[in-house]
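Enquirer: build me a model:
(chains A and B)
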Number of protein chains: 2
Amino acid sequence: MENNRPLIFVTNDDGINAKGLQALIDIVKPFGKVVVVAPEEGQSGMSHALTVKTPIRLRKIEQKEGFEKYAVSGTPVDCVKLAFNQLLSRRPDLVVSGVNNGSNSSVSVVYSGTMGAAIEGCLYGVPSVGFSSLDMNSNQDFELAKRFCGTIVEKVLSEGISQGTCLNVNLPAIKADECKGVKICRQNKGRWIEEFEKRTDPHGGEYYWLTGSFENHEPESTDTDEWALNHKYISIVPIKVDFTDYASIETLNERFNTIRSEKI
Amino acid sequence: MENNRPLIFVTNDDGINAKGLQALIDIVKPFGKVVVVAPEEGQSGMSHALTVKTPIRLRKIEQKEGFEKYAVSGTPVDCVKLAFNQLLSRRPDLVVSGVNNGSNSSVSVVYSGTMGAAIEGCLYGVPSVGFSSLDMNSNQDFELAKRFCGTIVEKVLSEGISQGTCLNVNLPAIKADECKGVKICRQNKGRWIEEFEKRTDPHGGEYYWLTGSFENHEPESTDTDEWALNHKYISIVPIKVDFTDYASIETLNERFNTIRSEKI
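Expert: Got it, this is the predicted structure:
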């Protein structure tokens, strides 16, 4: 019987010691056997980065019946790749990533290491979900995540997700009792307004710190993840790993027709 | 008159000294004023990664009428952000990234630093194109790129690209005379089969090198970038920065309906 339980793979981008990782482990444990492989250190903003120029090290932390935990000296995507290729006895039934300390809504999905890992799981054909919390309080109790995310995990395990699609789940920074529920959304249009802070080091050299704030290009739209989060909903955006803009293909065909037909 | 010339921003992920960067500079120079900001070191596989934990340094290499060149101690996306915020007097008319040493076709777009920079340019609302060459020969002359890419640049400058879309251009490893032209394609389905190489260091510690080969999930399809490249075409895939899977929204709405309506 034990062997028929779902195999759930857990990772994150805030690193093996992050509270959000432990919260996610607690959330998924009731649903199956759990293997955790997370970065040794925080990897925020690493997107879908791979470690190709340095070797990767794997450290076993815990191994008992139904639960294993490892740390990897690399990115979230490295964790998925190394685990799938070197650790797991079979393809898992679910990949979950998070709970990230900070939002990955709107265009932040592009920069997110949390979602990088979920997209990688999806490329392997496994239903994959990234969880992120807008609550950046270091003492947060993840009560909202614990109340709702188990149900999301249960539904994904029982019903799956379309092949080539993963889920980007963001949790508003509110108390669990205030939450209105889950809303399926599209990715909000917007971008980060970068405000680099320029400083001078003790030796006279100049350097920059990346900071920035989010600029919402469609604050009036009601079907976006930003709207949902601002209105006390948990947002779920289905994310495709096929980035092709099919709507542009015909126009581009006409535009590039000359280069296609003539021998230049 | 001089001030009316297009402003073209050039970056890459192989670093400031890469031959492919020089080839791309040569290709775009006839079309306008050029500002080059590229990583100090190679950044392959960095995807859309940002540098958030360490400061970023900027080094001026060259500045003359109509041409500027800088190096940045960060990722390709850092280069775009720093340039747009700290260096450029106005938003450029075009962002080009490359010519990358190696393919970024099919799912490699997800891992690519070259395309990370192009996607970042696109998020800023600037027509953006990533160029990659399947020819990994360190002595390659970029003759194929020089023959065709100028025409692509010219068309994008004159006609633009749909807002929210950038172009992923890949060049086959063939001689310029053999090329059949340009083909507009969709992103091929497939994934990397990772083959980690496990080694032991002189102190007895184990480590892994990431290697891998591409597995094509649809070798028979004729509308993909892989097919085009295998048949002596330059492939162009339009890439969306909105990753939402719109086709899944309705199904997910039905599936998650209970969590949406009930107060859990």
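Enquirer: make it CA atoms for all contacts and neighbour counts henceforth
Expert: Noted.
Enquirer: what's the burial count for A:C122?
Expert: Counted by other CA atoms under 10 Å in any protein chain shown, the residues lying close to A:C122 total 25.
Enquirer: identify the residues contacting the strand or helix carrying it?
Expert: If you go by DSSP states H and E, A:C122 is part of helix A:113-123. With CA atoms under 8 Å, 6 or more residues apart in numbering or on different chains as the test, helix A:113-123 has contacts from A:11-13, A:43-49, A:75-77, A:79-81, A:95-98, A:100, A:104, A:109, A:127-132, A:163-168, A:241, B:190-191.
Enquirer: got the contact list for A:E197?
Expert: Listed by CA under 8 Å, 6+ apart, the contact set of A:E197 reads A:208-211.
Enquirer: do that again at 6 Å, thanks
Expert: A:208-209 (CA atoms under 6 Å, 6 or more residues apart in numbering or on different chains).
Enquirer: need phi/psi at it.
Expert: phi -100, psi 120 (degrees, to the nearest 10).
Enquirer: how close does it get to A:Y111?
Expert: Between A:E197 and A:Y111 the distance is 20 Å, computed by CA to CA, to the nearest Å.
Enquirer: and what of A:R191?
Expert: On the measure of CA to CA, A:R191 and A:Y111 end up 11 Å apart.
Enquirer: for A:P172, give its distance to B:M115.
Expert: Distance from A:P172 to B:M115, by CA to CA: 31 Å.
Enquirer: same check on A:Y111?
Expert: Distance from A:Y111 to B:M115, by CA to CA: 13 Å.
Enquirer: what does A:V10 give?
Expert: 28 Å.
Enquirer: between those two, tell me which one has more neighbours.
Expert: B:M115 (35 against 29).
Enquirer: confidence score at the spatially most central residue of chain A?
Expert: In chain A, the centroid-proximal residue (CA atoms, centre = their mean) is A:M115; its distance is 2.2 Å. Looking at A:M115, its pLDDT reads 97.
Enquirer: how much space between it and A:G98?
Expert: Separation of A:M115 from A:G98 (CA to CA): 9 Å.
Enquirer: A:Q163 now?
Expert: Taking CA to CA, one finds A:Q163 at 21 Å from A:G98.
Enquirer: the more surrounded of these two?
Expert: A:G98 (31 against 14).
Enquirer: which elements pack onto the host helix or strand of that one?
Expert: Following DSSP H and E, one finds A:G98 within strand A:94-101. Under the contact criterion of 3 or more CA pairs under 6 Å, 6 or more residues apart in numbering or on different chains; DSSP states H and E, strand A:94-101 touches strand A:7-11, helix A:19-28, strand A:128-133.
Enquirer: CSV please, covering those and showing distance to B:V182 and mean pLDDT.
Expert: Output for those, formatted as CSV (distance: least, CA to CA, whole Å; pLDDT from 0 to 100):
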stretch, distance to B:V182, mean pLDDT
strand A:7-11, 41, 98
helix A:19-28, 46, 98
strand A:128-133, 35, 98
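Enquirer: list, one by one, the residues from the stretch 51-200 of chain A near chain B.
Expert: By the rule CA under 6 Å from any CA of the partner chain, the part of the stretch 51-200 of chain A lying against chain B is A:55-57, A:111, A:181-182, A:184, A:186-187.
Enquirer: for those, give me CSV that also has neighbour count.
Expert: Compiled in CSV, those are given as follows (neighbours: other CA atoms under 10 Å in any protein chain shown):
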residue, neighbour count
A:P55, 16
A:I56, 21
A:R57, 17
A:Y111, 23
A:G181, 22
A:V182, 27
A:I184, 28
A:R186, 24
A:Q187, 26
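Enquirer: ok, which stretches of chain A are helices?
Expert: Listed in chain order, the helices of chain A (DSSP state H) span A:19-28, A:76-82, A:108-111, A:113-123, A:143-159, A:225-230, A:246-255, A:257-261.
Enquirer: nearest to A:A176 among these would be which one?
Expert: helix A:143-159 (4.2 Å; CA to CA).
Enquirer: by how many degrees do the closest one and helix A:19-28 diverge?
Expert: Orientation of helix A:143-159 against helix A:19-28 (axes from the mean of the first three to the mean of the last three CA atoms, to 10 degrees) gives an angle of 50 degrees.
Enquirer: name the helices or strands packed onto helix A:143-159?
Expert: Short answer (3+ CA pairs under 6 Å, 6+ apart): helix A:143-159 packs on no helix or strand.
Enquirer: next one: it to chain centre, how far?
Expert: 16 Å (CA atoms, centre = their mean, to the nearest Å).
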